[in-house]
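Undergrad: sharing a sequence plus its predicted fold:
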Amino acid sequence: MDNTFVVNIIHRPEMVPEYAEKVTGQGKAEDIGRKALLTESLDIFKFQQETAHKNGLKVTIQMTYASLFNDEACELAKKDHEQYGDEIALSLLGLPCKEFREKYKTKDFCIWMFSMEDKKSIVDDVFGKFYDRFGFYPESTGSYYMDAELTNYIKEKYPMVKCAVATCWEEGPKAYHTCNNSWYTLFDGGPWNPWIPSKQNTHAPAANEAEDSGIVAIPHLSRDLLACYDGNGSNFGTHPQNVLRGMIYDTKTWEYPYLYNLIDQYRYLAKFNNGYSYNMMFVGPGWLNKMGRWEQPYELLKKSYEDGMAYYGELKKKGELIDMTMAEFADFYRKNKSYEEPECALWKDILYGSDKQLFWYADPYMRACVNMDQGGAVVDLRPYASKIKWEVGIGTKHVQDASYPFLIQEKYRAGYFTHYAGEGTVRSAKVSYNGEEVDLCLCRTHATFSQEGKKRILTLDPVEIEFYDLTVKIGTRIIFEEGSSNIQHERTILEMSNPDAEVEINEYIVACYGTTEYPEDMTGITLGVIGDNGEKTINYEYKCRDEKLEGASDAFAVIPAIDTKVSLSTDSKEGLGYIEEGYAFSPMFKLGYKKHISDKEVIKTWLNLEKAN
Amino acid sequence: MAQSGKGKLNYRCPLCFMRDLDIDMFYDKDKKEYYCLRCQYTGDEADVLAKNEIIRIKYGRMYDRITDFD
């Protein structure tokens, strides 16, 4: 593919926009059937449609349940479909309206949180209503999150559906906290760019046809891969009013270069993805409220939407953007991508002024984040290889929590730096010499990306470690091979101030499991170290035990709670493998491999992920 | 004392925003000040706007149009 930047623009006529009733209706008794609210909602939809079309852009109109009861909304959609080629699709957002509340006797509105019985009933209801209105079934649908069971049901009953908005990247505990612990969209751990979800778990991409859910999933917005990881996701995405929400604009000039920087950095990702890059913009009508939104008056909200569309329109005129409807995009994606082709993003800070660089990688076996500011440490790891069955909604074990579990998450489980005691989750290495020890997490560096066949390679700028009487220069390559379900770390001693010296390299992973900031029960985890000299195991009981094995080939942990086996392996026979159990104040486990190496020597280790059962 | 309401714009608490919390403030028309339900912040509109500018300090490249992503 030759630099193809695809954009999906989505609008939804929402008769009771999120926030509108709650925020602008402050001081009034709740009335979601207010005529003024309905009129304003339609006006916003019209404005959004006109703005996109004015800039020559095609739209996917996601009809909401509420809008299917509104003649004018349906007529507008039909007209724009005929005139501009817009796709008429169906959103599972925007359920709230008088009709829905009377029928379902609830104020719930997030499709993934309903019981399975209700999900089926609502899907049949809205798809049926859509058919009655338009005479066909939609090819695209979506919500903020679509659980696998929901998608499987939709695909079974309505096989023409080929595309869905299926998650919001890193919208989880951070967004929950930002909203004063009242916004229950807990679904961290998914891909940031489109993917084919597996039948088993939406977040985890399908590895083959048998796992294919039958849809192409797109994320809700294209989000900043650095800012969203350590902040409120809803401030840093291709959503002009989200950028305003983050106060990332000049109050005097009403300019927001960050929005364009974000779009452009997404375009730049073509470099790592065989020429393909992607953006999604989906602004709900509540963000264009005539009453203004937080500090921003309506005029600024309106201007930002017009500017966002104008920028996309300008790119299209220059031949640098292809606008597609969701259904068109699904066809494009199927034609141009394979199941195992990974999504890669070498991402730099474009907002705070730091020099930080992250590398995100996602394929059917894992999602991983490598942090160059911490010497190329893996700071986030989701074991997609497990394809964890994780039902959500009322009646399941996870009513709200739809996040894909992590093994490593540096923000929720400390990473390198901990207070006082214990260790945090990270995959890094320590270098020791004469009683001194340095963790590569403290060696800030940058990476360059290259591709060799099925391998994506990060080559880190070499780092220097200064001991009291020895300086060591170390090079690192981190290799992700399609279909391998592992991450290879290759360390090379490039130079030593004393070429006859030997240093010890300790390659390690500290991990646990969870979806939130709070610890889970580690009981039931089995740790083991194995090699030609036998096998040693520890059943996790928080007893701070450890085991070692000379010549070990693998150190592993089996975590039944998330059906995952993680291991650290090596091709060397001369080192020491070890496992460490944690304790109550440090509910982690550690797998490692130590070896003495000298100048110009290379050590290779692999972090492997498997389904445990 | 009458109940509080929203001001002409829906200001958030600047101090809570600094710790990644979006908390709408309410307006006390008797004291002519906004106040936060969660933390101890109070201030008039000018103070809120001034503190909102301070918030932006963290965005070191907010005004830059970036074209080099290497």
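TA: Arrived safely. Residues are numbered from 1 along each chain as shown, chains lettered A, B, ... in the order given.
Undergrad: what number of residues lie near the closest residue to chain B within the stretch 451-600 of chain A?
TA: Going by Cβ to the nearest Cβ, chain B is nearest to A:Asp461 of the stretch 451-600 of chain A, at 12.8 Å. For the C-beta atoms, the positions are set from N, CA and C on the backbone; glycine is no exception. Neighbourhood size, A:Asp461 [other Cβ atoms under 10 Å in any protein chain shown]: 14.
Undergrad: hmm, it is touching A:His446, no?
TA: Yes - under the criterion of Cβ atoms under 8 Å, A:Asp461 makes contact with A:His446 at 5.2 Å.
Undergrad: just the helices in the stretch 151-300 of chain A please.
TA: A:173-178, A:240-245, A:257-268, A:298-317 (DSSP state H, counting those that start in this stretch).
Undergrad: A:Tyr276 contacts A:Lys335, correct?
TA: No - if you go by Cβ under 8 Å, A:Tyr276 and A:Lys335 don't touch, sitting 11.3 Å apart.
Undergrad: between these two, which one's more packed in?
TA: A:Tyr276 (22 against 7).
Undergrad: relative to chain B, how far out is the more buried one?
TA: Distance of A:Tyr276 to chain B, given as Cβ to the nearest Cβ, to the nearest Å: 16 Å.
Undergrad: that residue bridge partners, please.
TA: With DSSP bridges as the criterion, A:Tyr276 is bridged to A:Thr4.
Undergrad: so what's A:Glu209 closest to, chain neighbours aside?
TA: Once flanking residues are discounted, A:Glu209 sits nearest to A:Tyr339: 7.7 Å by Cβ to Cβ, 6 or more residues apart in numbering or on different chains.
Undergrad: got a list of what the one you found touches?
TA: Contact analysis of A:Tyr339 by Cβ atoms under 8 Å, 6 or more residues apart in numbering or on different chains lists A:196, A:205-209, A:212, A:364.
Undergrad: burial of A:Ser403, as a residue count?
TA: For A:Ser403, using other Cβ under 10 Å, the count is 26.
Undergrad: now swap in A:Phe449 and tell me
TA: So A:Phe449, with other Cβ under 10 Å, has 14 neighbours.
Undergrad: which secondary structure state does it sit in?
TA: strand (DSSP: H, G, I helix; E, B strand; the rest coil).
Undergrad: could you measure from it over to A:Leu269?
TA: Distance of A:Phe449 to A:Leu269, computed by Cβ to Cβ, to the nearest Å: 10 Å.
Undergrad: what do you get for A:Pro219?
TA: Taken as Cβ to Cβ, the span from A:Pro219 to A:Leu269 is 13 Å.
Undergrad: identify the contacts common to those two.
TA: In contact with both A:Pro219 and A:Leu269: A:Asn193, using Cβ under 8 Å, 6+ apart.
Undergrad: kindly report the domain assignment for chain A.
TA: For chain A, the domain assignment from automatic domain parsing gives the residue ranges A:4-339, A:365-611.
Undergrad: so which bits of chain B are right by chain A?
TA: Proximity of chain B to chain A (Cβ under 8 Å from any Cβ of the partner chain) is limited to residues B:5-6, B:9-12, B:17, B:20-24, B:38, B:49, B:52-53, B:55-56, B:58-67, B:69.
Undergrad: would you show me how to pick out the buried ones of those in PyMOL?
TA: Provided next is the PyMOL selection string for whichever of the residues of chain B next to chain A are buried by 16 or more other Cβ atoms under 10 Å in any protein chain shown:
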select buried, chain B and resi 6+10+11+12+17+21+22+23+24+52+56+59+61+62+66+69
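Undergrad: the longest strand along chain A pairs with which strands, and in what direction?
TA: If you go by DSSP state E, chain A has its longest strand at strand A:586-598. Strand A:586-598 has the following strand partners under DSSP bridges: strand A:502-511 (antiparallel), strand A:576-583 (antiparallel).
Undergrad: tell me the helix or strand right after it.
TA: strand A:602-611 (DSSP states H and E).
Undergrad: check which helices and strands that following strand sits against.
TA: strand A:486-496, strand A:502-511, strand A:564-570, strand A:586-598 (3 or more Cβ pairs under 8 Å, 6 or more residues apart in numbering or on different chains; DSSP states H and E).
Undergrad: looking at those, spot the one closest to A:Trp192.
TA: strand A:486-496 (18.2 Å; Cβ to Cβ).
Undergrad: which outside residues touch that closest one?
TA: A:366, A:368, A:376, A:378, A:427, A:429, A:462, A:470-481, A:503, A:505, A:507, A:597-609.
Undergrad: give the buried subset of those as a PyMOL selection command.
TA: One line in PyMOL is enough to select the buried members of these, burial here meaning 16+ other Cβ under 10 Å:
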select buried, chain A and resi 366+368+376+378+427+429+470+472+474+475+476+477+478+479+480+481+503+505+507+597+599+603+604+605+606+607+608+609
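Undergrad: most centrally placed residue in chain B?
TA: B:Pro14 (3.1 Å; Cα atoms, centre = their mean).
Undergrad: pretty sure that residue contacts B:Asn52?
TA: Yes - contact criterion Cβ under 8 Å: B:Pro14 and B:Asn52 qualify, at 5.5 Å.
Undergrad: three-state assignment of A:Val370?
TA: Going by three-state DSSP: A:Val370 is strand.
Undergrad: ugh, typo on my part, it should be A:Ala421
TA: A:Ala421 is classified as coil under three-state DSSP.
Undergrad: now for the contacts of A:Tyr339: which two are most distant?
TA: Once Cβ to Cβ is applied, the contacts of A:Tyr339 give A:Pro205 and A:Glu209 as the farthest pair, at 12.8 Å.
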